[in-house]
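Visitor: Make a model of this:
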Amino acid sequence: MLEVVPINSTPGHFPHPRLLDALSAGNPSTRLQAALAVGTDADADLVDALVARCAIEPDFFVRDMLTWALTRLPPELTVPRLRRELRAERTQARSQALHTLSKIGDRRAYPAITRSLLHDADDEVARSAWRAAVVLVPDGEEEALAAELAAQLGRGDRNLQLSLSRALVALGDVIEPALRAATASHDPTVNAHARATALLLRDPDAGFDAAVDEAIRVRALGPQRVEGTAC
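Guide: Modelled structure (predicted):
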């Protein structure tokens, strides 16, 4: 296991090559300790190395530590580098950069979350873009973001739909017009997902599966008949 040595304990003499080797070591525990070492002492010289490792790191816990290390560095250094990563061909590079931007929380990064990222063909990239956009959206742009997100109602499996619903609900009441439009869809999957999201907006503690079941029931019976059968 790599020893966590204070980087500034010997100015100008920390063995960066050893740390860089540790970030790419075969043992995930070694990589984890290396990321912890960088973050502990906030070594700005290793921004590029951290971002590059995020793009290929296979271990979830190591990726999480790499993100933490990047949040410890000045946004003036990390945000421009992460924005460039959003144009990378590798899907993990894009998704991890989006995740890290959401953790940094610098709203100046919002314009880099483009429509193509919000609609990315890769589910993990799109999911990360939704989460980051909701965190970083500037005041006054929430309704436009809600419309972009609502355009994807019905996409993917249950887990992806839950992620989209959570992102929408996090925006608050501004999503209501977009949800009303989606409930008029003739696509039963879109319709049910929109209705389930509306139920979650009213009751965030409701289970997603229960909300979907209720939405399907409302679509099948009609709102008036559902109200008439209520106890």
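Visitor: quick one, helices of this structure?
Guide: For the chain, the helices defined by DSSP state H cover 16-23, 28-41, 47-54, 60-71, 75-85, 91-104, 115-118, 123-136, 142-150, 158-171, 176-183, 188-202, 208-221, 223-229.
Visitor: Least reliable of those by average pLDDT, please.
Guide: Mean pLDDT is lowest for helix 223-229 among the helices of the chain, at a mean of 46.
Visitor: Closest to the centroid, which residue in the chain?
Guide: In the chain, the residue lying closest to the centroid (Cα atoms, centre = their mean) is residue 128, at 2.8 Å.
Visitor: which ones are touching the closest residue to that residue other than its chain neighbours?
Guide: Nearest non-adjacent residue to residue 128, counting by Cβ to Cβ, 6 or more residues apart in numbering: residue 98, 3.8 Å away. Bear in mind the C-beta positions are built from the backbone N, C-alpha and C, glycine included. By Cβ atoms under 8 Å, 6 or more residues apart in numbering, the contact list for residue 98 reads 86, 113, 117, 125, 128-129, 131-132.
Visitor: How about residue 50?
Guide: Residue 50 touches 23, 35, 38, 66, 69-70, counting by Cβ under 8 Å, 6+ apart.
Visitor: can you count the residues close to residue 146?
Guide: By other Cβ atoms under 10 Å, 23 other residues sit near residue 146.
Visitor: That one and residue 164, how far apart?
Guide: Counting by Cβ to Cβ, to the nearest Å, the separation of residue 146 from residue 164 is 11 Å.
Visitor: Residue 194 is in contact with residue 185, correct?
Guide: Yes: using Cβ atoms under 8 Å, residue 185 is in contact with residue 194, at 7.1 Å.
Visitor: which of these two has more neighbours?
Guide: When neighbours are counted by other Cβ under 10 Å, residue 185 and residue 194 differ, and residue 194 comes out ahead with 27 against 15.
Visitor: wait, what's in contact with the residue nearest to the more buried one when sequence neighbours are not counted?
Guide: Distances taken as Cβ to Cβ, 6+ apart place residue 182 nearest to residue 194, at 3.5 Å, with adjacent residues excluded. Applying Cβ under 8 Å, 6+ apart, we find residue 182 in contact with 150, 153, 190-191, 193-194.
Visitor: Residue 150 now?
Guide: Applying Cβ under 8 Å, 6+ apart, the residues near residue 150 are 168, 175, 178-179, 181-182, 194.
Visitor: which of those residues count as buried?
Guide: 168, 175, 178-179, 182, 194 (16 or more other Cβ atoms under 10 Å).
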